[in-house]
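Enquirer: What would the 3D arrangement of this be:
(2 chains)
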Amino acid sequence: MLFFIILIAIWEAIYRLNLSYEFFSVTAFPSPINSVTELYIGFFETGILTEALFTSIQRLLVGFIIAVIIGSLLGLLLARSKIADETLGSLVIALQSIPSIVWLPIMLMLFGSGTLPIILIVTLGGTWVMTSNMRLGIKSVQPILIRAARTMGYKGSELIWHVMIPAAVPSFLSGTRLAWAFGWRALMAAELIGSGGLGRTLMDARDFYNMDLVIAIMIIIATIGLIMEFVIFDRIEKKVFARWGLS
Amino acid sequence: MADVVIDQVEKTFFDQENKTSFTVFNDISTDIKSGEFVSLLGPSGCGKSTLLNIIAGLDQPTSGTITANGKKVTAPGPDRGVVFQESALMPWLTVLDNVMFGLKKQMKKEEAKERAKYFLKLVHLSKFINSYPHELSGGMKQRVSIARTLAFDPDILLMDEPFGALDEQTRSMLHKEVQYIWQETQKTVVFVTHNIRESILLSDRIVLMGTRPGRIVEIFDVPLERPRKPSSDEFGELEEKIQQKLAKEIEKVMREEMGDDYNSKKGALLYHSDRDMGSNI
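Expert: Numbers count the residues shown, from 1 in each chain, chains lettered A, B, ... in the order given. Coordinates of the predicted model:
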């Protein structure tokens, strides 16, 4: 904590020195204190940040949920069907190496410049990593659990529902965590180019030479990322991993 | 009623890519009577676990048939319950839910719950019904596994080295529990082990299996009174007799794994050429 306070103090000091000596252009160098002021204004006076945050989170959630659903189903299919794995599976691996943001030009051409292309970019960002985690999770279910279930009268799809899917929950969770992280990054990249949300607001702030607002938005982005990673996902993962006997 | 007839069973694994095959055993035939406790004893690689899996219906024999309760075995069925070496409990379910896992398929939830509780009491785990497997010791897990199998009331209990991974104290406690349960329920038990003492302690008959190729070497009756004491003379004599037979089979395995370096007759220490004292002077 002290470390961060010192860091911010140094930053503010450089900002003040810069005002009188002009190492950099004064308009381009943000101040931490003014950034916090911008945060306050954006949330409680003009409301632009509230609105932008709301838009971004909405897009992220929709894209993320679609990615998790498609990824889980596709992962399950790849793990269970050898033909699917050899055909679709290699396609997934190929697609995984494409950063989802490079799909944006095509998406913009196909769907215009609204919300849809951005949601699709988020989905593309999360789907493949979700797929490969789910596939691995189902594939690495301990065979003895399946055998044990078979001796107790389980067969076919019952084995998938009652053994494989529950056994793959830890992998599923790791998948969602990565899908969220990838989706979050894809969202910001897409919004910088597209319209609305935090990313667009950030670009707008730059166009008005309001670097303090740029920093304010970056603080929001970092905060949300930290909360999701270390508060929500970390807690769920710890609980689940302990119960599944993996920790 | 709940007998098992093993008739000329062979198991061969084929390697599709290298076009090779490996015969685990062939021409295994024996009968297991209803209510009998039979051990399959043998060195590693003799196929005793494979044979058990075939009786369970988890693996298919390459040729020959196994009949349980007068019906040919082709798939797993509720008449045959298996206890595995690792407890094979579902880690995401509580102890109670694990025991109910098989029951839920056969009866209503409430009924299954009562039954599961009864069998958990039988293995002295009533206190732990709401625990998760990762919170239990190895012996406790194995007791849950036994309760889970007993709960759906199979006529034939197949146990695949159930206590192999446990320490000595836990194991001898579980021996007592298994004997008690067997006497109470009168189930047919097929028990796979590589421990001679364990097999004498528990079984009516011991099927000694050999390796390369896997086959039945000899079948020993165990006429000793229960409860059996490992310190008694008869126990010791039988143990010695089986030990001698088994030693030959173990030596065969060791020779194959270690080559000519291995020689059990030279003594307990591993034979080394430098140990021929003075012969190289």
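
Enquirer: can you tell me which residues contact the residue in chain A that chain B sits nearest to?
Expert: Closest approach between chain A and chain B, counting by Cβ to the nearest Cβ: A:M152, at 3.2 Å. Every residue, glycine included, has its C-beta placed from N, CA and C. A:M152 makes contacts with B:P76, B:P78, B:G81, B:F101, B:G102, B:K105, B:R148, B:F152, as judged by Cβ atoms under 8 Å, 6 or more residues apart in numbering or on different chains.

Enquirer: now swap in A:A181 and tell me
Expert: A:G225, A:E229.

Enquirer: can you tell me which of the contacts of A:M152 are in strands?
Expert: Those of those mapping onto strands are B:G81, per DSSP state E.

Enquirer: Below-threshold pLDDT in chain A: ranges please.
Expert: A:247 (pLDDT under 70).

Enquirer: now the farthest one out in it, which residue is it?
Expert: For chain A, the residue at maximal distance from the C-alpha centroid (Cα atoms, centre = their mean) is A:T151, at 41.6 Å.

Enquirer: For it, give me its contacts.
Expert: Neighbours of A:T151 in contact, by Cβ under 8 Å, 6+ apart: B:A56, B:G57, B:L58, B:P76, B:R80, B:G81, B:V82, B:T149.

Enquirer: Compute the number of surrounding residues for the residue of the stretch 151-281 of chain B found nearest chain A.
Expert: Nearest residue of the stretch 151-281 of chain B to chain A: B:F152, at 6.6 Å (Cβ to the nearest Cβ). Residues lying near B:F152 (other Cβ atoms under 10 Å in any protein chain shown) number 25.

Enquirer: mind listing what it touches?
Expert: With Cβ under 8 Å, 6+ apart, B:F152 has these contacts: A:M152, A:G153, B:P78, B:G81, B:G102, B:L103, B:Q106.

Enquirer: Next, give phi and psi for it.
Expert: phi -90, psi 20 (degrees, to the nearest 10).

Enquirer: hey, which helix is longest across the chain?
Expert: As the question left the chain open, I've gone with chain A. Taking DSSP state H as the criterion, chain A has its longest helix at helix A:48-80.

Enquirer: that answer is for a different chain, and I need it for chain B
Expert: For chain B, the helix that runs over the most residues, judged by DSSP H, is helix B:233-258.

Enquirer: can you pull the buried residues of it?
Expert: B:F235, B:L238, B:E239, B:I242, B:L246, B:E249, B:I250, B:K252, B:V253 (16 or more other Cβ atoms under 10 Å in any protein chain shown).

Enquirer: Tell me which residues touch the first one, please.
Expert: Meaning B:F235. B:F235 makes contact with B:I200, B:L224, B:R228, B:K229, according to Cβ under 8 Å, 6+ apart.

Enquirer: ditto for the second one
Expert: With contact taken as Cβ under 8 Å, 6+ apart, B:L238 is in contact with B:I200, B:F220, B:V222, B:L224.

Enquirer: which of the residues you listed has the most neighbours?
Expert: Of these, with other Cβ under 10 Å as the count, B:I200 tops at 22 neighbours.

Enquirer: hmm, back to that, so what's the residue of the stretch 151-281 of chain B closest to chain A closest to, chain neighbours aside?
Expert: B:G102 (4.6 Å; Cβ to Cβ, 6 or more residues apart in numbering or on different chains).
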